[in-house]
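In: Any chance you could fold what I've pasted below:
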Amino acid sequence: MHGPRMMEREPVRGQDRPAEEYATVASRPPARWWRGLTGTLAAGLAVLALIVVGVQIFAFANDAPGAEVLFIGGHVVAGVAALVAQRLADRRRGLVAGLAGTFVGLLTAAVLWFFWFA
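Out: I've put the predicted structure just below:
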């Protein structure tokens, strides 16, 4: 089942693609790194929200004092909003995608500032 034919190789310039196609791929705007960065931030906020909720459930189960409702709710709302904004940034192009990605970055900064650093 496994063997050298299982993996496809990338075409080498000049073999399967004309040079014009390589030029158009290289001249695309550098949005890929931006979407990768904002996607990582959105996923990080979602994971952080899950961790905060998990710690609260653990504290509740052990009769320990937990975090405030605003702290937990803020993380959950921010995580969901970041994932929705990132989905919008991944599905659209241009200004809408840029603004959605910027929103994810600002939301991440706000959560870190208001709930962790301040």
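
In: what about Gly94, distance to Ala82?
Out: Gly94 is 20 Å from Ala82, where distance means Cβ to Cβ, to the nearest Å. Every residue, glycine included, has its C-beta placed from N, CA and C.

In: which one of those two has more residues nearby?
Out: Between Gly94 and Ala82, counting by other Cβ atoms under 10 Å, Ala82 is the more crowded of the two (27 against 9).

In: Report the contact partners of the more buried one.
Out: Leu41, Ala42, Leu45, Ala46, Val104, Leu107, Thr108 (Cβ atoms under 8 Å, 6 or more residues apart in numbering).

In: surely the last one meets Gly44?
Out: Yes - counting by Cβ atoms under 8 Å, Gly44 is a contact partner of Thr108 at 7.2 Å.

In: Pull the number of nearby residues for Leu112.
Out: 15.

In: which helix of the chain spans the most residues?
Out: Looking across the chain with DSSP state H, the single longest helix is helix 32-61.

In: Does it pack against any helices or strands, and if so which?
Out: helix 69-91, helix 95-111 (3 or more Cβ pairs under 8 Å, 6 or more residues apart in numbering; DSSP states H and E).

In: Now do the same for that helix: mean pLDDT, whole number.
Out: Average pLDDT, helix 32-61: 95.

In: Run the angle between that helix and helix 69-91 for me.
Out: 150 degrees (axes from the mean of the first three to the mean of the last three Cα atoms, to 10 degrees).

In: how much distance is there from helix 32-61 to the middle of the chain?
Out: The chain centroid and the centroid of helix 32-61 are separated by 10 Å under Cα atoms, centre = their mean, to the nearest Å.

In: buried set for that helix?
Out: For helix 32-61, the neighbour count (16 or more other Cβ atoms under 10 Å) marks 34-35, 38-39, 41-42, 44-46, 48-49, 52-53, 56 as buried.

In: if we can go back for a sec, closest to Val69 out of the contacts of Ala82?
Out: Closest approach between those and Val69, by Cβ to Cβ: Leu45, at 18.4 Å.
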